[in-house]
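Undergrad: Need a 3D model of the sequence below.
(chains A and B)
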Amino acid sequence: MNIIKNRYLYFLISLLVIVPGIIFMAIHWINNPNEGPLALSIDFRGGSLLEVQFSGTLPSINDIQTVYNQYQSTTGQALSNAIIQPLGTDSYSITSKQIDDATKGKVVAAMQSKFGGTVTVLNFTSVSASVGAEVTTAAGWAILAAAIFIILYVWWAFRSVEHPVRYGTAAIIAMFHDIFVVLGVEAMLGYFLHWEADSLFLTALLTVIGFSVHDTIVVFDRIRENANIYRRVDYETMVNHSVVQTLDRSINTQLTVMFTLFALALFGGDTTRHFVIILLVGIFSGTYSSIFNASPILVVWQNREWRTWFRRKTEAQPRIAQ
Amino acid sequence: MSRSRNIWLVVIILLIAFSLWVDLSKNISIANPTNDKMLVNLDTDIRLGLDLRGGLQTLLQADVPNCGTVDPNELNVTRQILESRANALGVSEVTMQVAGNCRIVAQFPGINNPEQVVAALQQTGLLEFVDMGNNPVPEGTIIQTDYGQTSATKPTTTGATQSAAITPALTATTQPAATNTPVASTTPSATAPTTATQTTPATIYHTVITGAALDTVTVQTSSLGEYEIAFTLKSSGSQAFSDYTSSHVGQYLAIVLDKKAISVPRVNTAITSGQGVIQGSFTADSANALAVQLRYGSLPVPVKVVESQTVGPTLGAESVRKSLLAGAIGLSVVILFMGLYYRLPGIIADLALVTYALISLMLFKVIPVTLTLPGIAGFILSIGMAVDANVLIFERLKEELRSGRTLRQAIDLGWRRAWPSIRDSNSSTLITCLILYIFGNTFGASVVKGFSINLALGVVISLFTAIIVTRTYLHLVLDNLKLDEHPNWFGL
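TA: Numbers count the residues shown, from 1 in each chain, chains lettered A, B, ... in the order given. Just a heads-up that it's a prediction; the model follows:
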C-alpha cells in the first residue's frame, strides 16, 4: 500500500472540503459584517434564549411575538424581531435581545394570563453583549495558546530526530486543517440548517484540536522509531511504511470513538446533538489529516518539493541528509 | 508471575472493591470504635450540575468601568456577603466562586423563583442601626425592622423559617434604600420597643438610622491597645442618633445588615457630636471585617448580572436519562468490537474498561466532580481514548508475535514500544484540557470547565488501566492457561 505516493490527491480532497467551507464562511461574513464568519449563538454575541412549554393551547408564533413586543431589552431596545421556533409539539424556543430575569418573569406571567394553562420555563439563558464579545476573543486566544503549547511539546518530544521543528509544524498544519474543516462544516450547517456556534461548539473544537494532535503524534512516533531502524531506506519509503504500520491502529481508535459518538448523537438527546455531530466531523478529519496530510507534509518538506512546483520525484533517491 | 505483578494484582483488587463500595452507596461513614465520633463521613451521592438537575446559574460582574481596578480582596468580601445573603433567602446548596478579575459565578440548584433571587443579589445591601432596648438579640439573628415597612406587616416567626424572610428582604429593594431622610427623625424616642414586646417572636424593631447616614468608618486602637471602630455621621443622621443615644444610655443598639444582626453594641454615652466609637473584644481581623461592612453598606464592589441561565427540572431529568442510555449503548458497542477484533486481549481490555468505569465513577463521587452534560460527553469521549491505549498496545503485540517472538516476550515488548506514543499523545490531550480549564475558569464558563476536568480525569485513569490493569489481567490469564498453543486467540 502506498499512501505517500498519492499525497497530492489527498491534499486535493482536503481542499475540496476546506474551500467550500471558506466560501460559506465568507458568505456569512459578507451578509453579517458584525458577526464574522460563523453564525454565533447568544453565548458569543449576547442576547436571551427562552424555552417555554405550554400545557394549554399552543399559541402561534405571532401570539408570542405580540407578548414580546410589550417589553424592552436590558439596553432599552424593543424586542420586535425575536426568533421564535417550535420545540417539539408543546414548546417554543425564543431568541431575542438580552432581557433580564425580571423581564423574563413578566413575559412568562403575560403568556400565562394570555394563553391560559401553565407555562413552564424549560431553559432560560441571558448573556450581555460585552461578555459575549469577550468570550469570543478569549476563545481565539485559547486556540492559539493550545497550538503554541502543542507545537512546543511536539518539538521537545521529537528532539532526538533530525529536524524536530518539522514534526511540530506538520502537526500544527494538520491541526489547522481540522479546525478549518470543522469551521467550514459549521458554516455550511449554519447556512442550510441555521445552526449557531455556541460555547459547546467551542468545547467541541478544542477537543478536536486535542484529538487531532493525539492522532498525528501516534503516527509520528512510529516514524521516529523507524528512522532509527531503517537508516538505509529512503525517507519517503520509510514514512510510508510507518503510516501503513499504524493504519490498523488509527482506524480502530477512530472506530471506537465513533461508536460512542454515534450512540450520543442518536440517543443522547437534542441538547448535545450539535456538539456531538461537530465532534464526529472533527475526529474523522483528525484521523484523515494525521494519515493523509501530516506525514506527506514531512515528505514534501524533506524533498523540498516547492522548488519543483510541488511535483513528485519520479524515482526514489537515497536520503539526502544523514 | 513476578513479585511486582502480584503486588499490582492486590492493589487492583482492593481498588475495585473500594470503587464498588463507593459506587453503590450514597453515604460512607466509619465510626471510631474508641469513641462515638465518626472517623469518616463522606457524602458519596453523585453531584449533578445545574443543567441536569435544574436551577439557576448567574454570572455577576463588578459594575465598574474597568475590570482591572477591582481589588481581589474586596471581590472576595463581596462573594461572602452575597453568599450569606443568598443563604438568608433560604436557598440551599448555594455555591459562589470568583471567576477571573471581576466576576462571580453563583449557582442555585433547584430553585423555582429565579427572578426574586436575582433581584435580591443585585440589591444594594441595607445597613441599619436598630434599637434593641434592654434585651439584645445574639449576633447572627435575623430580625425584622420597621424601616421601609408598612404597619400591616404580618407577624412572622423570626429565624425559624428562613424562607419566610424572602418577602421582607425583597420588598426592601423596591424602597429607595439610599434615601437621605432617616426614618428615625420622625420618630420620637418614646416609641422604642418595651420589654413586653421582646417576648413575642414577631418583634418588629425600630430602625434609628440607616447606613446611608454613615460618613466615615475607620479602625483604630484605643489607649489601652484594644481595637475599636470609629465612625462619623453625616449631618442628616447625627440629630436622630443624638436624640436616640441621649435617651437610651445603657441599652443596646444592633448593627443590622440585610435584616441580620452583625454586631450588638451597648450605648455607653450619648453621642451628640456625630462621632462615635464601637468598642468590644475585637481582633484586628474582626474589627476590619465589621468596618468593611459598615463602610460599604454591604457590597464593597457593586455587581450586576451579565449572564443568567435557568434550567427547568424536567429538561435536566430527560438529559440524564438520555445521556446514560447513550453511554450504555456506546460502551456496549465498544466492548463488543474489542472482543470480536482482538479476541482474548480484547476481552481482557473489556474487563479493564469496566474497571476503568468503576474507578472513574468512584473518583467522581469522592473528589467530588459535578457532572454536567458536556462533562458526561467528555467522559464518554474518554472511554474512546481509554480504548486507544489498548489498541496501540495490542497492535504492537500482534506485530511482535508475527515477527516470531514468544508470547511473553511479545507482551513485554508490545507494552514497552507502545509507551512513547501513548505518553506523547495523551500529554497533548492533557495540555488541551489545561488550556480549556483556564479558559473556563477565567470566564465563568462552567460548561467548558466541567468538560475539561472530566476529560483530563478520564485520560489519567485510562493510562493507569491500559498500562497496569490490562497487563496484570493478561499475565494472570497467561499463567493459568496454555495460550502459546492458540495464536488465533490473539487474532493472528
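Undergrad: Per-residue pLDDT of A:Met188, please?
TA: With respect to pLDDT, A:Met188 scores 94.
Undergrad: hmm, I was thinking of B:Ile335
TA: Predicted confidence (pLDDT) for B:Ile335: 89.
Undergrad: Helices of chain B, residue ranges please.
TA: With DSSP state H as the criterion, chain B has helices at B:3-24, B:50-53, B:72-88, B:114-122, B:166-171, B:195-198, B:235-247, B:284-295, B:313-366, B:373-402, B:407-442, B:446-464, B:470-480.
Undergrad: among those helices, which is nearest A:Val244?
TA: helix B:373-402 (11.9 Å; C-beta to C-beta). In short, each C-beta sits where N, CA and C put it, glycine included.
Undergrad: pLDDT weak spots in chain A?
TA: Scanning chain A with the threshold set as pLDDT under 70 gives A:309-322.
Undergrad: Work out for me the element the residue of it most remote from its centre sits within.
TA: Distance from the C-alpha centroid of chain A peaks at A:Ser113, with 42.8 Å (C-alpha atoms, centre = their mean). Under the criterion of DSSP states H and E, A:Ser113 resides in helix A:101-115.
Undergrad: how far away is B:Arg3 from B:Arg416?
TA: With distances taken as C-beta to C-beta, to the nearest Å, B:Arg3 is found 19 Å from B:Arg416.
Undergrad: Compare those two (neighbour count), which wins?
TA: B:Arg416 (11 against 7; other C-beta atoms under 10 Å in any protein chain shown).
Undergrad: List the buried residues in the lengthiest helix in chain A.
TA: The longest helix of chain A (DSSP H) is helix A:235-267. For helix A:235-267, a neighbour-count test (16 or more other C-beta atoms under 10 Å in any protein chain shown) marks A:235-243, A:245-246, A:249-250, A:252-265, A:267 as buried.
Undergrad: domains of chain A?
TA: Following automatic domain parsing, chain A resolves into domains at A:4-34+A:131-308, A:47-127.
Undergrad: Among these, which comes closest to B:Thr232?
TA: domain A:47-127 (36.8 Å).
Undergrad: is it true that A:Gly46 touches A:Ala129?
TA: Yes - A:Gly46 is within contact range of A:Ala129, at 3.1 Å (criterion: C-beta atoms under 8 Å).
Undergrad: got any residues that touch both of these two?
TA: Common neighbours of A:Gly46 and A:Ala129, counting by C-beta atoms under 8 Å, 6 or more residues apart in numbering or on different chains, are A:Gln98.
Undergrad: Now do the end-to-end distance for stretch A:120-134.
TA: For stretch A:120-134, the first and last residues are 32 Å from each other (C-alpha to C-alpha, to the nearest Å).
Undergrad: what about that stretch, near chain B?
TA: Yes - against chain B, stretch A:120-134 shows contacts by C-beta under 8 Å from any C-beta of the partner chain at A:Thr120, A:Val121, A:Leu122, A:Asn123, A:Phe124, A:Thr125, A:Ser126, A:Val127, A:Ser128, A:Ser130, A:Val131, A:Glu134.
Undergrad: Low-confidence stretches in the stretch 301-450 of chain B?
TA: In the stretch 301-450 of chain B (pLDDT under 70), the answer is B:377, B:380, B:443-447.
Undergrad: Can you give me every residue that contacts the nearest residue to B:Pro345 once chain neighbours are set aside?
TA: Distances taken as C-beta to C-beta, 6 or more residues apart in numbering or on different chains place B:Phe394 nearest to B:Pro345, at 5.0 Å, with adjacent residues excluded. Neighbouring residues of B:Phe394 by C-beta under 8 Å, 6+ apart: B:Tyr342, B:Pro345, B:Gly346, B:Ala349, B:Gly414, B:Gly491.
Undergrad: Buried ones only from those residues, please, as a ChimeraX command.
TA: Buried residues among the contacts of B:Phe394 (16+ other C-beta under 10 Å), as a ChimeraX selection:
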select /B:342,345,346,349,414,491
